[in-house]
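Chemist: any chance you could fold what I've pasted below:
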Amino acid sequence: MDWKALVGDLAVTTTVCLFLSGILICRKIYKSNSTIGVSSLPFLTAFVSCTLWLYYGYLKDDILLELVNAFGLFAQVSYIGFYLYMTSAKSAVQKKVAIAFISPVVLLSTLGIFADELTSSVGLLACCAGLIFVSSPLSTIVSVIRTQSTASMPLPLISLSCLQSFLWFLYGVIVDDAFIQIPNLLGTTVTILQLVLFAVFYGSKEQILSEQLIN
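Modeler: Below is the predicted model:
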């Protein structure tokens, strides 16, 4: 059995599903006709991450990395465009978008000029971006522990993220690529911790009160 192809295809499928979850955020914005309470940061950080991983996949001649991050790049650009159209704070968001779009170009161009090992340097940069991206739920974890409520934790999304991170970690092991392994090992660990907290605190009095307030 070709484990690389099997694990890679499953990793791509779960990642595409996660990228499509941005549609739910856009739907929320559309229904409320406002971006208040919805940050553009997840779309922007995902854009930067996809750009770096896409270029790394190109340098490594890894078609799976190229395809999934090309799709992710298209998805994030679409979400960012929709967010810009709907937001009332267009000037502030445009500045953030400009920084997000220019930063990868500047970084990759600088590496192209000065780096001795371009593939390793881009891989390290993508790995760092991945680490930042997967560690973003840590603030939610702190909040859950403090409030003893999992109302802010979407179980289906966390479960899918856990599976996705684990599959990419396995893929990194199969292709012997530490830059893929490291951020996805952290991602798997963080999402498992979230699932443990969900099991511990779901159904607590604080959880019920939080859900009543939301409803």
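Chemist: can you pull the buried residues of stretch 12-21?
Modeler: By neighbour count with 16 or more other Cβ atoms under 10 Å, stretch 12-21 contains the buried residues 12, 14-15, 18-19. Every C-beta, even on glycine, is put in place using the N, C-alpha and C of the backbone.
Chemist: kindly report the same for stretch 140-151.
Modeler: Buried-residue list, stretch 140-151, by 16+ other Cβ under 10 Å: 140, 144, 147, 149-151.
Chemist: can you flag which of the residues you listed belong to helices?
Modeler: 140, 144, 147 (DSSP state H).
Chemist: how many neighbours does the closest residue to the first one other than its chain neighbours have?
Modeler: Ranked by Cβ to Cβ, 6 or more residues apart in numbering and with sequence neighbours excluded, the top spatial neighbour of residue 140 is residue 152, at 5.8 Å. Around residue 152 sit 12 other residues, with neighbours defined as other Cβ atoms under 10 Å.
Chemist: ok, residue 152 - contacts?
Modeler: Shown in contact with residue 152 (Cβ atoms under 8 Å, 6 or more residues apart in numbering): 140, 143-144.
Chemist: closest to residue 184 among the residues you listed?
Modeler: Nearest to residue 184 among the contacts of residue 152: residue 140, at 18.9 Å, using Cβ to Cβ.
Chemist: can you pull the pLDDT of residue 147?
Modeler: Confidence at residue 147, expressed as pLDDT, is 79.
Chemist: where's the residue nearest to residue 140 relative to residue 172, distance?
Modeler: Separation of residue 152 from residue 172 (Cβ to Cβ, to the nearest Å): 30 Å.
Chemist: mind listing the strands for this protein?
Modeler: With DSSP state E as the definition, the chain shows no strands.
Chemist: for it, which spans come out with low pLDDT?
Modeler: Along the chain, segments meeting pLDDT under 70 span 1, 203-215.
Chemist: hey, where'd the helices end up in it?
Modeler: Counting by DSSP H, the segments of the chain that form helices are 3-20, 22-32, 41-60, 63-86, 90-114, 118-134, 138-147, 155-174, 178-201, 205-214.
Chemist: out of those helices, which one sits most buried?
Modeler: helix 41-60 (a mean of 21; mean count of other Cβ atoms under 10 Å).
Chemist: that helix packs against which elements?
Modeler: Contacts defined by 3 or more Cβ pairs under 8 Å, 6 or more residues apart in numbering; DSSP states H and E place helix 41-60 against helix 22-32, helix 63-86, helix 90-114, helix 118-134.
Chemist: I'd like those helices as a markdown table, with distance to residue 191 appended.
Modeler: Converted to a markdown table, the helices and strands packed on helix 41-60 look like this (distance: least, Cβ to Cβ, whole Å):
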| stretch | distance to residue 191 |
| --- | --- |
| helix 22-32 | 18 |
| helix 63-86 | 18 |
| helix 90-114 | 25 |
| helix 118-134 | 8 |
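Chemist: among the ones you listed, which is nearest residue 3?
Modeler: That would be helix 63-86 among these, by Cβ to Cβ, at 13.2 Å.
Chemist: and that closest one, what does it pack onto?
Modeler: By 3+ Cβ pairs under 8 Å, 6+ apart, helix 63-86 packs against helix 3-20, helix 22-32, helix 41-60, helix 90-114.
Chemist: compare the ones you listed and report which one is nearest to residue 165.
Modeler: Nearest to residue 165, of all the helices and strands packed on helix 63-86, is helix 3-20, at 9.0 Å by Cβ to Cβ.
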